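Engineer: the amino acid sequence is not available; the structure is as follows:
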């Protein structure tokens, strides 16, 4: 076997490994998670049976400027934070809605789904905990 | 400290108590059914959208209201041409959408009509001036089976339906008239013994030849697909649980399924050339990606493949089993992931244990069975230019291999083979042949069918592959896009959740749902294994009686004539593939940019769902149906002629079988247009 053929085998091996590397695709969600440090938080909305809001509990520091991106994943959901007077209305699958606010008061704020989405819809809730510096 | 604890307990309690939606005004059924508005002379259809369908609960016409109790809702809505209709819709569960083929073309993107739970939506009045059959479709992802949430609406007079029935009968009559004139070895007027040597065609031929004889061709074709399938596996297990948002589902069950059906007709087993599933085993066994291993030492235990498995039974039954779970398979990413992951692993194991040939592909793979079976109706084939040259050439490099290419991995004698069934088009024989005698041939559909059909001894495996595929094509069109959409809920076991690996538990059915699934399974298996084959046997028996042949058993006619379903089946599957493609083309393109369904837009190819003129579907499917029918009848004649060697007897047998094929065609016509 000539050198050229070994080269071809090697190139082929690299291509195969690159293809298999596609399995690592879910890790790239972490790239998006890195944004959380700047207090940009992605909340993915699944029906409660499949996990509900993810993440369900969000910690922010008092005085932070918080940017929430709510993303519909499986069926149409709603999103509202009662204590803050925020209501994003309906969030369809594949759509994102964004809200920015300043967390100026300490406390626990409950957000929930406002549109019937599954038998366990009424349990579909999460909380934003605003902590002291 | 205590304060913190108290807050924790409070919060925990808060999470346990469901809070009623104070904002949502829940409409009562009564409020919905008592329409306070005056819509004049418009007809009012009271629709209840649910996961996954639309139920017609009441119709109000000329001041008179008919209310349909549960379970008695009409499957098909009917409107007179020129009529005005107001749809008064509520949702029984989650948010749905509303779209009518051809009538609400703008009701996508920003003008989407949403049916939110707790609200009454009135659409219309819509003026129905264009007669025909149209479909209501859900336009907002509402769960796993959302793409199949449809209902039929007929604008009368639906003249196209009777016209299509008449055309179907006329086409079959004309085909029978044609074969009654004893066309020798022809298919619809085109001689079957003629073919084009593709590698000798000017301009394209030399390029194609150089390409196919390049050692890297197989690898180069497989690797992109390997990449795609790796994304399929990972998105199947870890991606969005909702099918139409997930790469695995939309690439496999919209793009791949449709592409394979069309490829079978145009390129025979071209998919098997591209398929990455057995690649790991093959590369490992050969210890080469690209070159030919000279030492000929295989990484494999090398057990002999059991002769008993050397047929199409496992692929056929595997395919049938997948059909029994099809509402899950094509909508739950994790199910698709498990099936394809299983195939990858099984292929590797079989390669390592048994003699390293394409045993997995030949005798296990569920796609192999039908691709192989139908590819005999393909227009493409790998053949030798001159069989005598091959037979006289004793070294037989195409079987044993040469430094330029491996011996046929599909365990065939490429030089002498005359059927596509087990030829995986890996093009090793094109490389190994020292006489340049192997080529690609372009021919008319059904060149080999007559011979294959006539000599089929006890090939029940292939006959049943044909029956299963043929009946399932019509059945799918009926339950996924037709008036009996509610049957698919039985197969779905009434589960409203999508599932990836993390949420696979949501797929556990209740006992009652299992009961429904049994009904579904009995129905699918009953039609495919007993109902249609039984009918086919009866018709074979009649054809035997009518043609007055005594020395050939009915069983032989039954087996031989079943090969006419190879072209017929593939044309119906292509028709079904168009139903998928035209409506859902945007999903696979979007999924390329967002394989996991996480809201990414990597390459900017994200599209909103927008069907591509779905109202034209019946007119696109009609020629496919008619062509399939005509070819099936002509193929039956060619097979009969080959067996009986007598035109009169062959024609009589063809006539009887033609009646059955026409009946099947009429059923399909009813599904798409009536």
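Structural biologist: Arrived safely. Predicted, not measured: the structure shown is a model, and the values here were computed from it.
Engineer: tally of neighbours for the residue lying closest to residue A:125 once chain neighbours are set aside?
Structural biologist: Nearest residue to residue A:125 in three dimensions, chain neighbours excluded: residue A:112, at 4.3 Å (CB to CB, 6 or more residues apart in numbering or on different chains). Using the backbone N, CA and C atoms, a C-beta is placed for each residue, glycine as well. Applying other CB atoms under 10 Å in any protein chain shown, we find 22 residues neighbouring residue A:112.
Engineer: same deal with residue B:440?
Structural biologist: 24.
Engineer: next up, the contacts around the nearest residue to it once chain neighbours are set aside.
Structural biologist: Among residues not flanking residue B:440 along the chain, residue B:198 sits closest, at 4.1 Å (CB to CB, 6+ apart). Residues counted as contacts of residue B:198 (CB atoms under 8 Å, 6 or more residues apart in numbering or on different chains) are B:204-205, B:208, B:380, B:439-442.
Engineer: now these: which count as buried?
Structural biologist: B:205, B:208, B:380, B:439-441 (16 or more other CB atoms under 10 Å in any protein chain shown).
Engineer: out of those residues, which sit inside helices?
Structural biologist: B:205, B:208 (DSSP state H).
Engineer: farthest pair in the buried ones among the contacts of residue B:198?
Structural biologist: By the measure CB to CB, B:205 and B:380 form the most distant pair in the buried ones among the contacts of residue B:198, at 14.2 Å.
Engineer: give me phi/psi at the residue nearest to residue B:440?
Structural biologist: phi -60, psi -30 (degrees, to the nearest 10).
Engineer: can you pull out the helices in chain A?
Structural biologist: Secondary structure of chain A (DSSP H): helices located at A:3-20, A:29-33.
Engineer: now render those as TSV, adding distance to chain B and mean neighbour count.
Structural biologist: Listed next are the helices of chain A as TSV, based on distance: least, CB to the nearest CB, whole Å; neighbours: other CB atoms under 10 Å in any protein chain shown:
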stretch	distance to chain B	mean neighbour count
helix A:3-20	3	14
helix A:29-33	6	11
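Engineer: rank those helices by pLDDT, which is bottom?
Structural biologist: Among these, helix A:29-33 carries the lowest mean pLDDT, a mean of 56.
Engineer: quick one: low-confidence residue ranges for the chain.
Structural biologist: You didn't pick a chain, so chain A it is. For chain A, the stretches with pLDDT under 70 are A:1-2, A:29-38.
Engineer: hm, I was asking about chain B
Structural biologist: Applying pLDDT under 70 to chain B picks out residues B:1-27, B:295-296.
Engineer: can you give the domain ranges for it?
Structural biologist: Using automatic domain parsing, the domain parsing of chain B gives B:29-157, B:179-290+B:300-372+B:447-498+B:511-673.
Engineer: gap between the residue lying closest to residue B:238 once chain neighbours are set aside and residue B:256?
Structural biologist: The shortest distance from residue B:238 to any non-neighbouring residue, by CB to CB, 6+ apart, is to residue A:26 (4.3 Å). Here the criterion is CB to CB, to the nearest Å. By it, residue A:26 lies 22 Å from residue B:256.
Engineer: residue B:159: neighbour count?
Structural biologist: Around residue B:159 there are 11 residues (other CB under 10 Å).
Engineer: quick one: it from residue B:669, how far?
Structural biologist: 13 Å.
Engineer: got it, and residue B:155?
Structural biologist: 18 Å.
Engineer: and these two? which has more neighbours close in?
Structural biologist: Counting neighbours by other CB under 10 Å for residue B:155 and for residue B:669 shows that residue B:669 has the greater number, 27 against 22.
Engineer: skipping adjacent residues, who's closest to that one in space?
Structural biologist: The spatially closest residue to residue B:669, leaving aside those adjacent along the chain, is residue B:164, at 4.7 Å (CB to CB, 6+ apart).
Engineer: wait, isn't the one you found in contact with residue B:618?
Structural biologist: Yes: Residue B:164 is in contact with residue B:618 according to CB atoms under 8 Å; the separation is 7.5 Å.
Engineer: between the two, what contacts are shared?
Structural biologist: B:672-673.
Engineer: of the two, who's got more company?
Structural biologist: residue B:164 (25 against 22).
Engineer: ok, now which ones touch that one?
Structural biologist: B:618, B:622, B:669, B:672-674.
Engineer: backbone dihedrals for residue B:316, please?
Structural biologist: Backbone torsions of residue B:316, given as degrees, to the nearest 10, read phi -70, psi -50.
Engineer: next SSE downstream of the helix or strand hosting residue B:175?
Structural biologist: Element membership for residue B:175 (DSSP states H and E) is helix B:160-180. Remark: after helix B:160-180, the chain's next helix or strand is strand B:186-187, criterion DSSP H and E.
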